[in-house]
Each structure stands twice: as C-alpha cells, then as structure tokens.
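**Student:** What follows is a protein structure lacking sequence information:
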C-alpha cells in the first residue's frame, strides 16, 4: 500500500521528509511506509491524505484497487 502513498506524494511534488514533517511523523516513517515495511493506520493515512491535500476516500479506493490487482496477478 505504500506504493499508493508514494504515488500521491510524488503527484503533490513533495519529499518524503517534508511529508513526514507535515504529518508530525519521524522522518523515516514515510520511507518505511513507501517500501512496504510498515502499513499505515487509518488515522495516519488520514493525516497523510490531509497533508497531501488528497481526498481520504480516493487514497483508500486506490489502495483497494492496488490490492485487488496484486491478488489477481497471483492467481
């Protein structure tokens, strides 16, 4: 799911460090999230969406689509 956060962050044109700062997260959190080491809680995802000025529901829907594609590819 971090790939979706990365996609939205890049579209917004901000760095991982800036996103972390805007959300009040440790500077390494966004990197670990985007590499798939961590998964965000709903509250953290809400903060990320807010910082990126992206609709929360759109980020969640993008993540749902990504997961569905991954499951389809495994079959």
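**Tutor:** Great, that's in hand. Because the structure is predicted, anything quoted here is derived from the model rather than measured.

**Student:** got the residue ranges for the helices in this protein?
**Tutor:** 2-12, 16-23, 29-34, 42-51, 56-74 (DSSP state H).

**Student:** Please work out which of the ones you listed is packed deepest.
**Tutor:** Greatest average neighbour count among the helices of the chain goes to helix 29-34 (a mean of 20), per mean count of other CB atoms under 10 Å. (C-beta placed from N, C-alpha, C; glycine too.)

**Student:** I'd like to know which elements it is packed against.
**Tutor:** Contact analysis of helix 29-34 by 3 or more CB pairs under 8 Å, 6 or more residues apart in numbering; DSSP states H and E lists helix 2-12, helix 16-23 as its packing neighbours.

**Student:** Nearest approach to residue 49 belongs to which of the ones you listed?
**Tutor:** Among those, the nearest to residue 49 by CB to CB is helix 2-12 (7.7 Å).

**Student:** Distance from the chain centre to the closest one, please.
**Tutor:** Taking CA atoms, centre = their mean, to the nearest Å, one finds helix 2-12 lying 6 Å from the centre of the chain it belongs to.

**Student:** still on that earlier bit, please tabulate the helices of the chain in a markdown table, including the columns mean pLDDT.
**Tutor:** Shown next, in a markdown table, are the helices of the chain (pLDDT from 0 to 100):
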| stretch | mean pLDDT |
| --- | --- |
| helix 2-12 | 95 |
| helix 16-23 | 97 |
| helix 29-34 | 96 |
| helix 42-51 | 96 |
| helix 56-74 | 93 |
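
**Student:** rewinding a little: for residue 33, which of the helices and strands packed on helix 29-34 is the nearest?
**Tutor:** The nearest among the helices and strands packed on helix 29-34, by CB to CB, is helix 2-12 at 4.7 Å.
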